[in-house]
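*Asks:* Output the structure for:
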Amino acid sequence: MIDIDRRVREIYETLHAIPEVGFSEYKTAAFLADGLKKAGYSVKTGVGGTGVIGELAGDGPVVGLRADMDALVHTVDGVEKCIHSCGHDAHSAMILTAAEALAANRPAKGKLMIVFQPAEEKLDGAVSMIDSGALDDLNYLLGIHLRPVQEAKSGQATPALYHGASYIAEAIVTGVPAHGARPHLGVNAIDAAAAAVGAVNAIHLNPVEPWSVKTTKFQAGGPTLNAIPDKAELAFDLRAQKNSVMDELLAKLPKAVENAAAAYGATAVVTVKGGVPAAEYDQGLVAVARDAISAVLGPAGLLEPIITPGGEDFHYFVKRIPGLKPAYIGLGCNLTPGLHHPAMAFDLSALPAGVRIMLEMVKRILD
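*Replies:* The predicted model follows:
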């Protein structure tokens with residue numbers, strides 16, 4: 001049996017030293033693939049770009065463990081640096097350690113599939129792996145993510161992390177150019193775009209369900225300051241805690257923008273650039289996660305499900321793979337000052353607990 005405490009830290013330190021952005025995780029993927037091969041897994045690389053899948057054959061349900069691999073780019077002291085500021089190095093370290101432990105002490109039944117996913121921060125890494133068809137046989141998929149100290153402390157974990165749906169939309173508003181002295185001959189795209197912002201802010205959905213829409217870009221005009229501009233560009237950040245609410249918001253946004261622009265004689269084209277769905281979990285598997293956390297951390301370490309407006313492309317797996325039962329653990333680790341902060345730091349001693357929770361869940365699923 002492997003030394004989980006030592007091994008997870010050893011893997012983490014290696015991954016932490018080689019941060020790479022989404023779809024460029026070449027060193028990371030190579031290291032993880034090599035670790036899986038040495039543990040006895042059949043390994044596929046280049047899945048959906050830079051994804052890695054390790055398979056351990058067996059009869060029965062197919063249980064997957066998934067971790068994201070990519071880092072983020074931050075500007076620090078005027079210099080761009082790639083930094084693991086969202087804990088993906090820790091996630092991959094926990095999953096590879098769990099994979100090694102499972103290979104050393106194989107379950108009596110079931111097939112294991114270890115999934116190292118690229119480009120979570122780009123929000124399309126999961127889709128790229130799903131579209132490859134390599135994950136079609138999955139019956140269960142387990143994931144884990146470090147949580148900020150405000151949500152969970154070391155020695156604590158939640159059995160269900162309820163991310164919200166998160167999408168980005170862009171709009172191009174087109175008017176008619178004119179001389180500033182003759183505005184009646186043109187259609188000012190700025191006026192039309194400003195009206196569109198007001199119309200978006202006037203969207204009303206059921207206030208019982210958390211949701212929001214914010215204008216995050218407004219660009220218009222050019223170097224000629226005495227000309228009526230004929231083009232404005234807008235962007236919107238949309239969030240909703242439930243997929244049904246997001247569907248309603250995505251339906252209302254284009255109408256609000258297009259109709260407001262039309263009222264000023266302009267036209268608008270709205271494009272949804274992409275996003276991620278809200279979390280939807282199998283409650284039976286959430287119950288398994290509860291029991292696993294209690295077994296590892298004790299009843300005092302078990303938190304209630306956590307609701308967060310943050311997005312996560314893990315939730316595409318359940319949307320796109322029929323019959324898949326997902327679970328997603330939130331692990332406390334005294335993480336400060338927050339995720340996506342270049343100075344993010346956490347309690348490394350929490351990682352072995354994450355490994356053991358994953359192992360306990362696999363054991364309970366396959367018993």
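
*Asks:* Strands of the stretch 101-250 of the chain, start to end?
*Replies:* Remark: strands assigned in the stretch 101-250 of the chain by DSSP state E, counting those that start in this stretch are 111-117, 140-148, 157-158, 161-163, 165-174, 178-179, 211-220, 227-228, 231-240.

*Asks:* can you put the ones you listed in JSON lines and add mean pLDDT and distance to Thr50?
*Replies:* Just so you know, the C-beta spots here come from the backbone N, C-alpha and C atoms, and that holds for glycine as well. Output for the strands of the stretch 101-250 of the chain, formatted as JSON lines (pLDDT from 0 to 100; distance: least, CB to CB, whole Å):
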{"stretch": "strand 111-117", "mean pLDDT": "98", "distance to Thr50": "9"}
{"stretch": "strand 140-148", "mean pLDDT": "98", "distance to Thr50": "18"}
{"stretch": "strand 157-158", "mean pLDDT": "98", "distance to Thr50": "29"}
{"stretch": "strand 161-163", "mean pLDDT": "96", "distance to Thr50": "23"}
{"stretch": "strand 165-174", "mean pLDDT": "97", "distance to Thr50": "23"}
{"stretch": "strand 178-179", "mean pLDDT": "98", "distance to Thr50": "50"}
{"stretch": "strand 211-220", "mean pLDDT": "98", "distance to Thr50": "29"}
{"stretch": "strand 227-228", "mean pLDDT": "98", "distance to Thr50": "47"}
{"stretch": "strand 231-240", "mean pLDDT": "98", "distance to Thr50": "27"}
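
*Asks:* Nearest approach to Lys44 belongs to which of those strands?
*Replies:* Of all those, strand 111-117 sits nearest to Lys44, with 10.0 Å by CB to CB.

*Asks:* any chance you could map the helices in the stretch 251-367 of the chain?
*Replies:* Using DSSP state H, counting those that start in this stretch, the helices of the stretch 251-367 of the chain run over 283-297, 316-320, 351-366.

*Asks:* So which of those is the most surrounded?
*Replies:* Stretch with highest mean neighbour count among those: helix 351-366 (a mean of 22; mean count of other CB atoms under 10 Å).

*Asks:* contacting residues around it?
*Replies:* Contacts to helix 351-366, defined as CB atoms under 8 Å, 6 or more residues apart in numbering, come from residues 4-5, 8-9, 12, 60-61, 63, 65, 90, 93-95, 97-98, 101-102, 107-110, 112, 140, 142, 144, 155, 157, 285, 288-289, 291-293, 295-297, 327, 329, 331, 333.
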